[in-house]
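Q: Structure here, sequence nowhere to be found:
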């Protein structure tokens, strides 16, 4: 990619890798599916809608009158936040990319450690077979902070082939 | 994909605003005060309270005691006043309590501040909350913001900008 | 390395959490100090409570021409020492004397009236031996009569902290008396 990033800041590396994945996988013949991302967005924006409703209610009605409605809104907000936490932890589980190809699906997940250049990647295909690797992002970025997209592409190509050969076993 | 990316970025800003507001609303419901945290604006309670001090209110008490410091708003005037209870009359059968207040630093009691013809405050109708907790001077920022035209927009703009730029962990 | 924004965020969130902790510690330890110094059983002496009562017709006293309200001026002696209330977290102590009593015509009411108060700014001027001190505020009830009813005079204190909770307490030396009837200056009224 064109913009240099701070390779010592894990959040920035994560963002750069996350944003690079769709292009890489489209080169490998996959189309991205957005079910997970859309659910996340819907959950998040519903929370914002509840908060906005509470805000408007606070402006329109005097305190004593608005109290029962506000109690409902705050309770709904808390419940939805809990649902979102559950979704994040158990359904999304660190997935950063999902895509489909003719007969196959792929799901890529990544787990980062604080202040470390090592991170864990898991690639799962439709049959449920997955490849779990520990790697470091020093492979994919140079010192100045430019991401080496070719190296990244080849690395994923290799992993997919390894996963594919596992499939036939 | 770009739309989703922008939506996700915007959501992080919406998140900050929504969660802060819902926290404030939740605190208001918990303490039963429409404004559970107030900043002292006048010097009528010196030397106990100075302009800029932060007060934490509680309103789930059925009656006030003499010596309590309360925040009240006279019906029709939206300026909250923070003064000490000088006299109280409490009827156990009706649950109604009449209060007379006075600022420590004032010579006379608050009757001139009450509604025309009223010599007492009504606890349930006029009292916003009783002061339970105190932190000195940290609220002076809000006085500066409300008294300086440009500070308000500048601060809001800074908040919006920083959450759009910053990356999540 | 890290941008100014990131450094600022890290530092400010750390500073915020640390301040919360420090404030909670200050409030908790000063409270424990008060309990250790046994301030909730502070002694005091209220004596020589005398009164002069008049009839008032103004609306301010809830009175009228037909039904005037008894308004009393109190004079009393007080002995107390509030130096134990002052610790590192005490900004100011507010002392006040109140008259507490139940309703007469309406037995369900509970009333408390402040007749005197004082701001005590430091430990140095926390000991008082007051004699013949005039009440700052006059005493009257919602009902017309305040005399010949049992009134309990108490001395209270209120601690204004630097950080934390406002604390109230009552001293032990309370006195219950009845005020003498007002002398009716105009006979036949």
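A: Perfect, thanks for sending it. Remember, predicted model here, so these are calculated numbers, not experimental data. Residues are numbered from 1 along each chain as shown, chains lettered A, B, ... in the order given.

Q: going on from the host helix or strand of residue B:25, what's the next piece of helix or strand?
A: Taking DSSP states H and E as the criterion, residue B:25 maps to helix B:2-31. Counting by DSSP H and E, the next helix or strand C-terminal to helix B:2-31 is strand B:37-39.

Q: just checking, residue B:25 touches residue A:58?
A: Yes - with contacts counted by Cβ atoms under 8 Å, residue B:25 reaches residue A:58, the gap being 7.2 Å. The C-beta positions use only the backbone N, C-alpha and C, and glycine is treated the same way.

Q: Overlap of the contact sets of those two?
A: Applying Cβ atoms under 8 Å, 6 or more residues apart in numbering or on different chains, one finds that residue B:25 and residue A:58 are jointly contacted by residue A:70.

Q: between these two, which one's more packed in?
A: residue B:25 (23 against 19; other Cβ atoms under 10 Å in any protein chain shown).

Q: what residues are up against that one?
A: A:54, A:58, A:70, A:73-74.

Q: beta partners for the most centrally placed residue in chain B?
A: What sits nearest the mean C-alpha location of chain B, by Cα atoms, centre = their mean, is residue B:38, with 2.9 Å. Assessed by DSSP bridges, residue B:38 has beta-bridge partners residue B:55.

Q: so what's it up against?
A: B:54-55, B:57, B:71, B:80, B:82, B:128.

Q: which of the residues you listed has the most neighbours?
A: residue B:57 (26 neighbours).

Q: returning to what we had before: pick out the most distant pair among the contacts of residue B:25.
A: A:58 and A:74 (11.4 Å; Cβ to Cβ).

Q: Run through the helices of chain B in chain order.
A: Under the criterion DSSP state H, chain B contains helices at B:2-31, B:123-126, B:140-147, B:149-165.

Q: how about these in TSV, adding mean pLDDT?
A: Shown next, in TSV, are the helices of chain B (pLDDT from 0 to 100):
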stretch	mean pLDDT
helix B:2-31	89
helix B:123-126	92
helix B:140-147	84
helix B:149-165	75
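
Q: which of the residues in the helix holding residue B:25 are buried?
A: Neighbour counts over helix B:2-31 (16 or more other Cβ atoms under 10 Å in any protein chain shown) mark B:7, B:10-11, B:13-15, B:17-18, B:21-22, B:24-29, B:31 as buried.

Q: tell me which parts of chain A are close to chain B?
A: A:10-12, A:14-15, A:19, A:22, A:32, A:34, A:37-38, A:40-41, A:44-45, A:47-48, A:50-52, A:54-55, A:58, A:63, A:67, A:70-71, A:73-74, A:77-78 (Cβ under 8 Å from any Cβ of the partner chain).

Q: Would you mind writing the PyMOL command to select the buried ones in those residues?
A: Buried members of the residues of chain A next to chain B, defined by 16+ other Cβ under 10 Å, are picked up in PyMOL with:
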select buried, chain A and resi 10+11+12+14+22+32+37+40+41+44+45+47+48+50+51+54+55+58+70+73+74+77
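
Q: Just the ones of the residues of chain A next to chain B in helices?
A: Those of the residues of chain A next to chain B lying in helices (DSSP H): A:10-12, A:14-15, A:19, A:22, A:37-38, A:40-41, A:44-45, A:47-48, A:50-52, A:54-55, A:58, A:63, A:67, A:70-71, A:73-74, A:77-78.

Q: wouldn't residue C:111 be in contact with residue C:104 here?
A: No - contact criterion Cβ under 8 Å: residue C:111 and residue C:104 do not qualify, at 10.1 Å.

Q: ok, these two, which is more surrounded?
A: Between residue C:111 and residue C:104, residue C:111 has the larger neighbour count (other Cβ under 10 Å), namely 22 against 15.

Q: quick one: residue C:118 and residue C:82 touch, right?
A: No - Residue C:118 is not in contact with residue C:82 according to Cβ under 8 Å; the separation is 9.8 Å.

Q: what sits in contact with each of the two?
A: If you check residue C:118 and residue C:82 against Cβ under 8 Å, 6+ apart, the residues they both contact are C:95, C:128.

Q: Which of the two has more residues huddled nearby?
A: residue C:82 (24 against 16).

Q: how many other residues sit next to the spatially closest residue to the more buried one that is not a sequence neighbour?
A: By the measure of Cβ to Cβ, 6 or more residues apart in numbering or on different chains, the closest residue to residue C:82 outside its immediate chain neighbours is residue C:126, 4.2 Å from it. Residues lying near residue C:126 (other Cβ under 10 Å) number 19.

Q: Please apply the same query to residue C:5.
A: By other Cβ under 10 Å, neighbour count at residue C:5 equals 13.

Q: My reading is that it is in a helix; is that accurate?
A: Yes - membership of residue C:5 in a helix is supported by DSSP: H, G, I helix; E, B strand; the rest coil.

Q: distance of it from residue A:8?
A: 15 Å (Cβ to Cβ, to the nearest Å).

Q: now do residue A:128
A: According to Cβ to Cβ, residue A:128 stands 37 Å off from residue A:8.

Q: Which stretches in chain C count as strands?
A: C:44-56, C:69-81, C:90-102, C:109-120, C:127-134, C:150-161, C:164-165, C:167-170, C:175-178 (DSSP state E).

Q: How about the first one and chain B, any contact?
A: No - contact check for strand C:44-56 against chain B, using Cβ under 8 Å from any Cβ: none in range, with a minimum separation of 12.6 Å.

Q: Buried residues in that strand, which are they?
A: C:44, C:46, C:49, C:51, C:53-56.

Q: Kind regards, and thank you for your time.
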